[in-house]
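>>> I'd like to go over a predicted model; first the sequence, then the structure.
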Amino acid sequence: MTDCKPEELLIASIADMLTGLRHVAVGNSSPIPGAAALLTRARSKGELRVSLLGSRKHTAFTDGGKELFDCAAEGRIDAFFLGGGQIDGEANINLVGIGDYPQTKVRFPGSFGSAYLYFLIPRVILFREEHTDRVLVPKVDFISAPGTSPANVYRPGGPHALVTGRCIFDFDKAAKRFTLRSVHPGHTVQEIRENTGFDFDEPAKVPETPTPDAGTLALIRGRIGEEIAETYPAFAARVFAAA
Amino acid sequence: MTDCKPEELLIASIADMLTGLRHVAVGNSSPIPGAAALLTRARSKGELRVSLLGSRKHTAFTDGGKELFDCAAEGRIDAFFLGGGQIDGEANINLVGIGDYPQTKVRFPGSFGSAYLYFLIPRVILFREEHTDRVLVPKVDFISAPGTSPANVYRPGGPHALVTGRCIFDFDKAAKRFTLRSVHPGHTVQEIRENTGFDFDEPAKVPETPTPDAGTLALIRGRIGEEIAETYPAFAARVFAAA
Amino acid sequence: MAFTSHDIEQIAARIPDGAKIALPPDYSGCAMAVIRALIRRGAKNLHIVGVPSVGLQGDMLIGAGCVATLETAAVTMGELGIAPRFINAAKQGSIKLLDGTCPAIHAGLQAAEKGIPYMPLRGLLGSDLLEHREDWKRGENPFGEDDPLVLIPAIKPDVALFHVAKADRKGNAWIGVRRELMLMAHAAKQTFITAEEIVDEDLLADEIVAAGTIPGLYVTAVAEAKQGAWPVGLGGRYAPDAAHIAHYYEQARSDDGFQRYLADHVHAPKAAE
Amino acid sequence: MAFTSHDIEQIAARIPDGAKIALPPDYSGCAMAVIRALIRRGAKNLHIVGVPSVGLQGDMLIGAGCVATLETAAVTMGELGIAPRFINAAKQGSIKLLDGTCPAIHAGLQAAEKGIPYMPLRGLLGSDLLEHREDWKRGENPFGEDDPLVLIPAIKPDVALFHVAKADRKGNAWIGVRRELMLMAHAAKQTFITAEEIVDEDLLADEIVAAGTIPGLYVTAVAEAKQGAWPVGLGGRYAPDAAHIAHYYEQARSDDGFQRYLADHVHAPKAAE
């Protein structure tokens, strides 16, 4: 328990959300979601297909940059990950900047495919390690992609959960609100309230995020560490080197 | 002169219409237009590009069936060839059938890409060896592709000429009428009138279609015969074997 | 998503009656062995989509009574002439014809590939094709003025079926420059492939081979079929069997002749497979 | 149409001020040597289209004052962080931003490739991107009911510019699975390519190589440029020069530092070529 690193907890927690799916895609610069998808694949006995963008070995696209988006639109991708410079309580995400657009005070890289994939992939997991009221805000300054849409908008996809360095939230699309699902070991509900800029629901008793069992940890540190190292060598060296 | 075969005359006549162009595409089952394009290419010193559908060697498409059409829409194809089970005096073409659609009395293979390429390729040469009032009719029974379009329709392309086994017509888009340009050696204007179902204009004196000079004939029978044989071996054997 | 390995008859069994089935032209890669198996199993009410035209496959399925609807830019037997069973059915009015044009079929499949309801297209205005296609609509260019367009609805086949030179054990299939086969696989709900050979190596492992390969992600099942495109041939591998096709053409010009052809070459035990 | 062979500076000279220029992301194949030559020749008022995002190329051109408009789904320096000269320009408001999203850029280029004025797209509704993109329109699905869509106008670049592993003397260029480069070449009016090597054999002659090759038909000119993608690297050939990129990142965080970088690595005689 105590020797489970924060990254390993996140990998195992996210992996559990992917069980039973057929195809999970992971964007660039996403080592923890990538490792999570590879972990689920390893446990699925070949049932889960993983497309890891930026990997030569663990991606199978042959139709250029558009294929990920077409593939999502065809309904062939079950889960994906999005982050955000800001995320608000209605699951709107901002990858553009803080302040008035276009001359924002703080500028982020840009929206990438979020304004599309958030609509089309059934299980989008929001992932951001930094859990502060700077990131988790009442209302984003710029909506790169909205968390919910009116009933007439074609939207088979949307937010499934928000995973941070402190906790996991579920998202209720009808209520447009997050509910605290579990708090990571070493963190408290009060701390999460203080560091979250938006209001959220919580159950009467908030469970602790379960830590991975010994078998899972061994798998993460062994095969998954090796597989993810192809795409994220620095991450793998930092997290798994001393394991 | 007398030893110039009808096919050779047609090849040379069509080739002259392609001089100065950058890229000519030729559809399937078109040995005479194909040979004409190859002849113009041979004389162009590499300036003309030819895409011969059905040829492995003389086509350069690598993006599947849609590429010919996309390429035309991008304005990258200067000339193309279309035929027709029926062709009328307004240059409408029918590749579908004779009689009331869909249960036509006579059925042709279908419209292929004509309803598109006729609009987008600047110089479409209508080619049909059979010159009878069965083929050249007052009004086609089914318009696969219209000869002209209203001014508001996007149409950089359209009919340039009609080449048959008896003569060559030019087409006037404004007047929506064919004009006899020249009559092939051995044929007469009166014979053409009798065998053409539509009315057309003619100059005071109708020239004879010029026959290819000795150099052109040698080129056709030599290099062009060899090049076209890759795609149309039966045609090449029939026309060039005894040359 | 889970790719499986099958034999020819199993593939034919998994293509249900009434399916909208996308088929390539004779020069692109035809799973002829499965076409014969479909006739053997008595498939009914198929909606054929020729991508963009169809040849022997279409004529045989029409003649055998497997087809309710034919959506294609053309039916052609190449230099032999017009497909005889198709002509017969067109004259009899025994199948529903959705006459189209090549770029509209490609555009409809691309719309399905992109998950959009339609694709706008140039051309077509003033063609009687447009008059008879109740599923096509006229539209206006919202970025122009008085600029009419035709809107082609997405074509989403239930099944794409074709033959390739090579597939591997993960369902990856090498198609080279025949990208219309990739478009078919992207657009269709299920894709069944026959291959001259199924190889042990991963076709995506080599960067040069990968460029011409459909990932197994899009492939429902693959069956090995040596000479699987016979008699129409497979580009780069073997030529059409011109004598056999001419024999078919002659036979298929009469009802009796066509039935004899089926008896000799389709129903006969393991005729060609 | 006539393809020509050039050197780096000639290509830079043929990309005019004010051109709409399509550039790939750092991982796809960047003609960095031409980017430096464009800065050397003092290119002005470029309209960059990131396909679908842009990295070091965009940051350098922006920092050097070559850019008037930036149309992209993102500007990223990968794990280093956000491109410093881009951030500076965004905060200063010194360039016009057309923030987009990857699939809309691909769709716009596909519309140009198909010669259609626009492509309908899912998603986007409710995004502030749509609020700020005056060139995008809302539309309705004419085949549905109360089904809103976004209409993305065609993106027709004046120039596509990228780097490949191999080209031949006819202008055919091998890109493997990097099909976005083919889309760029199809959509653009002119395409300039640099290649690690220019080979004598015809890349279209071999059926396996041809599958990953852009035909010379679409290529305006090719220049040989060994290590032409340095410092961002070329997939399958050489890795990014991480130390140099980190050096750039540090230098580019200040105006002075960026000018020193240009002096050392761009204006210095034959710095990297």
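Thanks, I have it.
>>> Name the nearest residue to the residue of the stretch 1-150 of chain C found nearest chain B, sequence neighbours excluded.
Going by CB to the nearest CB, chain B is nearest to C:Ala74 of the stretch 1-150 of chain C, at 3.1 Å. In short, each C-beta sits where N, CA and C put it, glycine included. The spatially closest residue to C:Ala74, leaving aside those adjacent along the chain, is B:Gly110, at 3.1 Å (CB to CB, 6 or more residues apart in numbering or on different chains).
>>> swap in C:Gly236?
Nearest residue to C:Gly236, sequence neighbours excluded (CB to CB, 6+ apart): D:Glu207, at 5.3 Å.
>>> so who does that neighbour touch?
By CB atoms under 8 Å, 6 or more residues apart in numbering or on different chains, D:Glu207 lies in contact with C:Gly176, C:Val177, C:Gly236.
>>> Give the full set of residues in contact with the nearest residue to the second one once chain neighbours are set aside.
Excluding the flanking residues, the one nearest C:Val177 by CB to CB, 6+ apart is B:Thr62, at 4.8 Å. Taking CB under 8 Å, 6+ apart as the criterion, B:Thr62 is in contact with C:Val177, C:Arg179, D:Met182, D:Leu204, D:Ala210, D:Ala211, D:Thr213, D:Ile214, D:Pro215.
>>> So which of those residues is surrounded by the most neighbours?
Within the contacts of B:Thr62, most neighbours by other CB atoms under 10 Å in any protein chain shown means D:Ile214, with 31 neighbours.
>>> What's opposite the nearest residue to that one once chain neighbours are set aside in the beta bridge?
In space, and not counting its chain neighbours, D:Ile214 is closest to D:Ala173: 4.7 Å by CB to CB, 6+ apart. Legend: beta-bridge partners of D:Ala173 under DSSP bridges are D:Ala167, D:Ile214.
>>> Span of stretch A:174-194 from start to end?
25 Å (CA to CA, to the nearest Å).
>>> And it, how far out from the chain middle?
16 Å (CA atoms, centre = their mean, to the nearest Å).
>>> buried residues in it?
The neighbour-count check on stretch A:174-194 (16 or more other CB atoms under 10 Å in any protein chain shown) flags A:Arg177, A:Phe178, A:Thr179, A:Leu180, A:Arg181, A:Ser182, A:Val183, A:His184, A:His187, A:Ile192 as buried.
>>> which bits of chain A sit near chain C?
Within reach of chain C by CB under 8 Å from any CB of the partner chain, chain A has these residues: A:22-23, A:47, A:49, A:51, A:60-63, A:69-76, A:120.
>>> List the residue ranges of chain A that fall below the pLDDT cut-off.
A:1-2, A:242-243 (pLDDT under 70).
>>> Relative to A:Ala37, how far out is A:Ala222?
Let me fix one detail, which is that residue A:222 is Gly and not Ala. As judged by CB to CB, to the nearest Å, A:Gly222 and A:Ala37 stand 16 Å apart.
>>> What helix or strand is the one residue sitting closest to the centre of chain A located in?
Compute the mean C-alpha point of chain A, and by CA atoms, centre = their mean the closest residue is A:Phe127, 3.2 Å away. Taking DSSP states H and E as the definition, A:Phe127 sits inside strand A:123-128.
>>> Contacts for that strand, please.
A:10, A:14, A:17-18, A:21, A:30, A:32-33, A:78-84, A:87, A:91, A:93, A:117-118, A:135-136, A:157-164.
>>> Secondary structure and distance to D:Val159 added to the contacts of D:Glu207, as a markdown table?
Formatted as a markdown table, the contacts of D:Glu207 follow (DSSP: H, G, I helix; E, B strand; the rest coil; distance: CB to CB, whole Å):
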| residue | secondary structure | distance to D:Val159 |
| --- | --- | --- |
| C:Gly176 | coil | 30 |
| C:Val177 | coil | 26 |
| C:Gly236 | coil | 35 |
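>>> Closest to D:Leu23 out of those residues?
Among those, C:Val177 lies closest to D:Leu23 (CB to CB), at 26.5 Å.
>>> Quickly note the distance from the closest residue to chain C within chain A to C:His47.
Closest to chain C within chain A is A:Ala73: 2.6 Å, counting by CB to the nearest CB. Computed with CB to CB, the distance linking A:Ala73 and C:His47 is 23 Å.
>>> of the two, who's got more company?
Under the criterion of other CB under 10 Å, the comparison of A:Ala73 against C:His47 puts A:Ala73 first, with 28 against 20.
>>> was I right about the more buried one contacting A:Leu117?
No. In this structure, A:Ala73 is not within contact of A:Leu117 by CB atoms under 8 Å, at 9.4 Å.
>>> Please list all residues in contact with C:Leu234.
When contacts are counted by CB under 8 Å, 6+ apart, C:Leu234 touches C:Gly29, C:His163, C:Ala165, C:Glu196, C:Gly228.
>>> Ok, C:Thr101 next?
C:Thr101 neighbours (CB under 8 Å, 6+ apart): B:111-116, B:144, C:52, C:73, C:123-124, C:127, C:129.
>>> For chain A, tell me whether the lengthiest helix in chain C is touching it.
Among all segments of chain C classified by DSSP state H, the helix with the greatest residue count is helix C:102-114. Yes. Against chain A, helix C:102-114 shows contacts by CB under 8 Å from any CB at C:Ala112, C:Glu113, C:Lys114.
>>> and after that helix, which helix or strand comes next?
Criterion used, DSSP H and E; the element after helix C:102-114 is strand C:118-121.
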